[in-house]
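Engineer: The sequence and its predicted three-dimensional model are supplied below.
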Amino acid sequence: MPQILVAIATFNEMENLPQLVKAIQRLLPEADLLIVDDNSPDGTSMWCMERQKTDAHFNCIIRAGKLGLGTAVLTAVQYAISNEYDFLVNLDADWSHPPEKIPKLLAAMEEPESHSHYDVAIGSRYIPGGKTMGWSCSRKLMSGGVNFLARYWLGLPTKDNSGSFRCYRVSTLNRILERRIGEGKIRSQGYSFFEEILFRLHQGGAKIVEIPITFTDRKRGKSKINKKEALRSLAILFLLGVSRIFGR
Ligand SMILES: Nc1nc2c(ncn2[C@@H]2O[C@H](COP(=O)(O)OP(=O)(O)OP(=O)(O)O)[C@@H](O)[C@H]2O)c(=O)[nH]1
Ligand SMILES: [Mg+2]
């Protein structure tokens, strides 16, 4: 049986997290869960610490304050590597990513018919069969623009490079990223983490597959992305593309 870690970064997700944890544990009773919470004032941290005491499959890391989505997922990557999991699944807490697709992401890592063996499976909104529901035009434009940059500026072959709903093969994360992580050379602290990690993995020769998902805009709780973070992420994408041109 492969060892699976499902990781969720949270900040003020009390309205979403308990139900989502229940749904994931129903789907994957053998998997472990890791919540990386940034000391959420709405009670999420307290809930996680209480749950950790009674549930052997549930762990949490509570950080000192809001340190960014990218560094939270990086913490989960480091945890998965040091605890020698086989697969790391990441998703958002706000039900935008359908948990019932997690088994499909895991199954996509191996394709017995074609003897294919993948390093990353992306829950993708931008391949046939995938879609977004409830997004404004500006949100669609922003996501389209970022994905255009990821394809043509970073040279990524995949269509959905900005979503966080993914499954990673942990041995590949370790092989390609361990040194860079150790040297503190992952640039993104926020949302560009997802393009950056894919870029680094692709450059390291990782095989990536996409499976279609329907992304639903959050119904409860507040969005954490803001203009400053969006601009910072764009700047990082620009710098990553420059480093690609100069082969560094
Ligand atoms: N630990 C941690 N989690 C974060 C941080 N920022 C966002 N998150 C979590 O990351 C996930 C994605 O954040 P969202 O606010 O939903 O971002 P988004 O999906 O781009 O925005 P919406 O469309 O409004 O949902 C959620 O589970 C958040 O709780 C952070 O600074 N630290
Ligand atoms: Mg969201």
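Structural biologist: Structure received. Ligands and ions are numbered 1, 2, ... in the order given.

Engineer: just the helices in the protein please.
Structural biologist: Counting by DSSP state H, the chain has helices at residues 17-27, 44-54, 69-82, 102-108, 137-152, 170-182, 193-203, 227-245.

Engineer: Return the most buried member of these.
Structural biologist: helix 193-203 (a mean of 22; mean count of other CB atoms under 10 Å). For the C-beta atoms, the positions are set from N, CA and C on the backbone; glycine is no exception.

Engineer: Spit out the contact partners of Tyr79.
Structural biologist: Leu5, Ala7, Leu34, Ile61 (CB atoms under 8 Å, 6 or more residues apart in numbering).

Engineer: again, 7 Å this time
Structural biologist: Residues near Tyr79 by CB atoms under 7 Å, 6 or more residues apart in numbering: Leu34.

Engineer: Tell me the residues of this structure that contact ligand 2?
Structural biologist: Neighbours of ligand 2 within the chain, by CB under 5 Å from the ion: Asp92, Asp94, Ser96, Arg218.

Engineer: will you turn those into CSV that also has distance to Gly65?
Structural biologist: Converted to CSV, the residues of the chain next to ligand 2 look like this (distance: CB to CB, whole Å):
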residue, distance to Gly65
Asp92, 20
Asp94, 20
Ser96, 24
Arg218, 22
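
Engineer: Among the residues you listed, name the buried ones.
Structural biologist: With neighbours counted by 16 or more other CB atoms under 10 Å, those contain buried members at Asp92, Asp94, Ser96, Arg218.

Engineer: Closest to Gly247 out of those residues?
Structural biologist: Comparing those against Gly247 with CB to CB picks out Asp92 as the nearest, at 33.9 Å.

Engineer: thinking again about what came up before, can you list the helices of the chain in CSV and add mean pLDDT?
Structural biologist: Compiled in CSV, the helices of the chain are given as follows (pLDDT from 0 to 100):
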stretch, mean pLDDT
helix 17-27, 98
helix 44-54, 98
helix 69-82, 98
helix 102-108, 98
helix 137-152, 94
helix 170-182, 95
helix 193-203, 97
helix 227-245, 93
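
Engineer: Tabulate the ones you listed in JSON lines, adding columns for distance to Ile122.
Structural biologist: Listed next are those as JSON lines, based on distance: least, CB to CB, whole Å:
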{"stretch": "helix 17-27", "distance to Ile122": "18"}
{"stretch": "helix 44-54", "distance to Ile122": "26"}
{"stretch": "helix 69-82", "distance to Ile122": "14"}
{"stretch": "helix 102-108", "distance to Ile122": "8"}
{"stretch": "helix 137-152", "distance to Ile122": "11"}
{"stretch": "helix 170-182", "distance to Ile122": "14"}
{"stretch": "helix 193-203", "distance to Ile122": "8"}
{"stretch": "helix 227-245", "distance to Ile122": "17"}
